[in-house]
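Participant: Below: sequence and its predicted model.
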Amino acid sequence: MKITPIEAIREEFESIDKSILILLHQRMELSIKMSLLKKQNSLPALDLNQWNKQSKNRLLENEKFGINPDFIQSVFNLIHEESIRIQNQEINK
C-alpha cells in the first residue's frame, strides 16, 4: 500500500515529536543535576539574572529560524517553569 503525502508528513511529525520528548527528558535530567549543585552551594532554584540572559539568547537564536517569538517565549517559559519546579522539589528533599 502506497503512503500518501499526508501520511508521510504525519510520520515525520511523529518522529520529530518523539525527538522533542527525548530532548525534554534530557533537559529535565539536567534540572535534577543542577538542583543537586544548587543544594550543595545553598543557592535558590531560580536565578532571575541567568533566566533573563537565557531568555534573550533563545529569542536571538530564534531569529535564524523565524518562528513566532511569542510562541518561542511561551514554550521556553513552560520549560523553565517545569525546570524550576523540579529543582525546588529536589532541593527540598
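Facilitator: Ah, there it is. Residues are numbered from 1 along each chain as shown.
Participant: Can you tell me the closest non-neighbouring residue to the residue sitting nearest the centre point of the chain?
Facilitator: Nearest residue to the geometric centre of the chain (Cα atoms, centre = their mean): I79, 4.2 Å. In space, and not counting its chain neighbours, I79 is closest to R27: 6.7 Å by Cβ to Cβ, 6 or more residues apart in numbering. Every C-beta, even on glycine, is put in place using the N, C-alpha and C of the backbone.
Participant: count of residues packed around the one you found?
Facilitator: Neighbourhood size, R27 [other Cβ atoms under 10 Å]: 14.
Participant: which secondary structure element contains the residue nearest to the centre of the chain?
Facilitator: Assigned by DSSP states H and E, I79 belongs to helix 69-91.
Participant: what distance separates that helix from the centre of its chain?
Facilitator: When distances are taken as Cα atoms, centre = their mean, to the nearest Å, helix 69-91 is centred 7 Å away from the chain's centroid.
Participant: Where is the longest helix in the chain?
Facilitator: helix 5-40 (DSSP state H).
Participant: Give me the helices and strands touching it, please.
Facilitator: Contact partners of helix 5-40 among helices and strands, from 3 or more Cβ pairs under 8 Å, 6 or more residues apart in numbering; DSSP states H and E: helix 69-91.
Participant: Buried residues in the helix it packs on, which are they?
Facilitator: 72, 76, 79-80, 83-84, 86-87, 90-91 (16 or more other Cβ atoms under 10 Å).
Participant: One more: stretch 48-65?
Facilitator: Of the residues in stretch 48-65, those buried (16+ other Cβ under 10 Å) are 58, 62.
Participant: How about residues contacting it?
Facilitator: 69, 72-73, 76, 80 (Cβ atoms under 8 Å, 6 or more residues apart in numbering).
Participant: I'd like those written out as a markdown table, with distance to L37 added.
Facilitator: Shown next, in a markdown table, are those (distance: Cβ to Cβ, whole Å):
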| residue | distance to L37 |
| --- | --- |
| P69 | 31 |
| I72 | 27 |
| Q73 | 27 |
| F76 | 21 |
| H80 | 17 |
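Participant: Perfect, that will be all.
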